[in-house]
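J.: With the sequence up front, the predicted model follows.
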Amino acid sequence: MTAPPLGAGGSDNAWELAGARPRPSPRARLRLPVAISLLIQVPGALFGWRGPGPRAGSPSFALSADWPLALVITVVACLALLAARRWPGPVVAFVTAAAIADLLLRPETPGPPFVALAFAIVGAIARNARVWAWVSAGVMWAAVLLASLALELAPSRVAFSTLGVLAVLGIGEAVRARRERAAAYRRAIAQRRQTAAEAERVRIARELHDVLAHSLSSINVQAGVGLHLIERDPAAGAAALAEIKAASRVALDEVRSVLGVLRSDGSPASPLAPEPELSQLERLAASVTAQGLSIDLEVEPESLQHDAPRPIQLALYRIVQESLTNVVRHAQAKHVRVSVRANATHYIAEIVDDGAPTTAADTAGGGRGLLGMRERATLLGGTLEAGPQPGGGFRVRARIPRPEEEQS
């Protein structure tokens, strides 16, 4: 399943990122609070409650005497919300001042709540202007208290204003917390994608190194043989050229296989070769033998070439391949023993050559080849030991644990 695109449409939470429901456009989300505020507040600015009507229980509304000023205050405060995305702090302060002016202008005329102030406070908290929002809410509440003392407002109106301010602050903090969780979710998704991309780059680099190092080393040796024998023994020179052709063809197939994962169009123009497995060790040994190196290959049991899991077969094959490449390039050896076997708990590959004596200092740096082999073993939960032999030569030994279902 493909991960949702990061930040698509300004998503604010994980459900919206996952595409659980469509979201309105940013412009619509900015205009909706303005429309709701105008719809609720404009009638209250134009008309005021004037006590019981002619029929029992029916309220009486009339056009307010101060409706022009009240209408201007209401409309200006509501339209100010259009700037809340860019200047959330100044907007909440301005709308608070408008709400206080509306309260002082008509203290005895109950009307709808100043909805624009609620939207301004919630928006300011959600947009990281918390200080502006909390200070504005505190100023508004203090203004209500002072007005209740000076203008003798009804206690119910003070209580309603207090509860309203607390509720709006709570909603704003909840929206802010939700956005912070969504941001953390997006960061986690981005980190996982980056980690996966880096791991894939490392895998491709490791595969290319193993393929090219072995093939180019073989080509280099055969080219040297061909140049040396082309005049004295044309047949041997031709055989060396044939080995170069075969090695280059195998290298090209494997490079296409490695790079095939980068193709996105599914085009068959570059057919992919199957990943190497233990059944191809004989062909690998033959390509090295053609370079003048004697190899004893032992795979025990023989069914191991087919029964071992594919990731383990690929890792063991590449470890043997890289080890033989190192022998050809550095060891000055004449004989190599390659053993791949399995016991009750592990798959084991061991490569031992009789090359020139080396010391631990000679291999302290490890090199890219040894590092790649060690990474392959480690990724499958195994270990790799590599070092000089007491009597000369070099040994590489990889141990990869069998999957739990195989051991049970």
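T.: Sure, I can see it. Predicted, not measured: the structure shown is a model, and the values here were computed from it. Residues are numbered from 1 along each chain as shown.
J.: Where is the longest helix in the chain?
T.: helix 155-229 (DSSP state H).
J.: next one: it to chain centre, how far?
T.: On the basis of C-alpha atoms, centre = their mean, to the nearest Å, helix 155-229 sits 2 Å off its chain's mean C-alpha point.
J.: where along the stretch 1-150 of the chain do the helices fall?
T.: 14-17, 26-46, 67-79, 88-105, 115-126, 130-150 (DSSP state H, counting those that start in this stretch).
J.: and residue 352, backbone torsions?
T.: Backbone torsions of residue 352, given as degrees, to the nearest 10, read phi -130, psi 130.
J.: which residues touch it?
T.: 336-337, 389, 393-396 (C-beta atoms under 8 Å, 6 or more residues apart in numbering). The C-beta positions use only the backbone N, C-alpha and C, and glycine is treated the same way.
J.: So in terms of bridging, what pairs with it?
T.: residue 337, residue 395 (DSSP bridges).
J.: Tell me the pLDDT of it.
T.: pLDDT for residue 352: 93.
J.: gap between it and residue 340?
T.: Per C-beta to C-beta, to the nearest Å, residue 352 is found 13 Å from residue 340.
J.: Help me confirm that residue 157 comes into contact with residue 145.
T.: No. Between residue 157 and residue 145 there is no contact under C-beta atoms under 8 Å: 11.2 Å.
J.: between these two, what contacts are shared?
T.: With C-beta under 8 Å, 6+ apart, residue 157 and residue 145 have no common neighbours.
J.: Show the contacting residues for residue 139.
T.: 96, 100.
J.: if we go to 10 Å?
T.: The neighbours of residue 139, taking C-beta atoms under 10 Å, 6 or more residues apart in numbering as the test, are 93, 96-97, 99-100.
J.: With residue 133 instead?
T.: With C-beta under 10 Å, 6+ apart, residue 133 has these contacts: 88-89, 92-93, 96, 120-127, 168-169, 172-173, 176.
J.: what does residue 125 give?
T.: Contacts of residue 125 (C-beta under 10 Å, 6+ apart): 88, 92, 131-134, 137, 168-177, 179.
J.: go again using 7 Å as the cut-off
T.: Taking C-beta atoms under 7 Å, 6 or more residues apart in numbering as the criterion, residue 125 is in contact with 133, 172-173, 175-176.
J.: again with residue 276
T.: If a contact means C-beta under 7 Å, 6+ apart, then residue 276 has 314, 317 as its contacts.
J.: rerun that using 6 Å as the cut-off
T.: Residue 276 sits next to residue 317 when contact means C-beta atoms under 6 Å, 6 or more residues apart in numbering.
J.: Could you look up the SS state of it?
T.: Assigned with DSSP: H, G, I helix; E, B strand; the rest coil, residue 276 falls in the coil class.
J.: how about JSON lines for the helices of the stretch 1-150 of the chain, with mean pLDDT and distance to residue 290 added?
T.: Formatted as JSON lines, the helices of the stretch 1-150 of the chain follow (pLDDT from 0 to 100; distance: least, C-beta to C-beta, whole Å):
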{"stretch": "helix 14-17", "mean pLDDT": "42", "distance to residue 290": "56"}
{"stretch": "helix 26-46", "mean pLDDT": "78", "distance to residue 290": "67"}
{"stretch": "helix 67-79", "mean pLDDT": "83", "distance to residue 290": "84"}
{"stretch": "helix 88-105", "mean pLDDT": "86", "distance to residue 290": "75"}
{"stretch": "helix 115-126", "mean pLDDT": "87", "distance to residue 290": "71"}
{"stretch": "helix 130-150", "mean pLDDT": "84", "distance to residue 290": "74"}
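J.: does residue 168 really touch residue 119, like I thought?
T.: No. Applying C-beta atoms under 6 Å, one finds residue 168 not in contact with residue 119, separated by 8.9 Å.
J.: And for residue 34, the neighbour number?
T.: 19 (other C-beta atoms under 10 Å).
J.: Let the chain start at 614 from now.
T.: In the new count, where the first residue is 614, that last one comes out as residue 647.
J.: Spatially, which residue comes closest to it, not counting chain neighbours?
T.: Nearest in space to residue 647, with sequence neighbours left out and distances taken as C-beta to C-beta, 6 or more residues apart in numbering, is residue 694 at 5.0 Å.
J.: Can you tell me which of the contacts of residue 752 is nearest residue 936?
T.: residue 706 (72.6 Å; C-beta to C-beta).
J.: give me every residue that touches the closest one.
T.: Per C-beta under 6 Å, 6+ apart, neighbours of residue 706: residue 749.
J.: Going along the chain, name the strands of the stretch 864-1013 of the chain.
T.: 907-913, 948-955, 959-966, 996-1001, 1007-1014 (DSSP state E, counting those that start in this stretch).
J.: I'd like the contacts of residue 738 laid out as a markdown table, including distance to residue 837.
T.: Below are the contacts of residue 738 laid out as a markdown table (distance: C-beta to C-beta, whole Å):
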| residue | distance to residue 837 |
| --- | --- |
| 746 | 78 |
| 785 | 76 |
| 786 | 75 |
| 788 | 72 |
| 789 | 70 |
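J.: Most neighbours out of those residues, which is it?
T.: Among the contacts of residue 738, residue 746 has more neighbours than the rest - 28 neighbours, counting by other C-beta under 10 Å.
J.: ok, the spatially closest residue to that one that is not a sequence neighbour - how many residues close by?
T.: Using C-beta to C-beta, 6+ apart and skipping residues adjacent in sequence, the residue nearest residue 746 is residue 737, 3.8 Å away. For residue 737, the neighbour count with other C-beta under 10 Å is 29.
J.: ditto for residue 963
T.: Applying other C-beta under 10 Å, I find that residue 963 has 19 neighbouring residues.
J.: Touching, it and residue 1012? I think so.
T.: No. Counting by C-beta under 6 Å, residue 963 does not reach residue 1012; the two are 9.4 Å apart.
J.: how close does the closest residue to residue 996 other than its chain neighbours sit to residue 845?
T.: Taking C-beta to C-beta, 6+ apart, and ignoring the residues beside it in sequence, residue 996 has residue 1012 as its nearest neighbour in space, at 5.3 Å. Note on residue 1012: its distance to residue 845, by C-beta to C-beta, is 47 Å.
J.: Compare those two and say which one has the larger neighbour count.
T.: residue 1012 (17 against 8).
J.: quick one, what contacts that one?
T.: Contacts of residue 1012 (C-beta under 6 Å, 6+ apart): 959, 961, 995-996.
J.: switch to 10 Å and redo it
T.: 956, 958-963, 990, 994-998.
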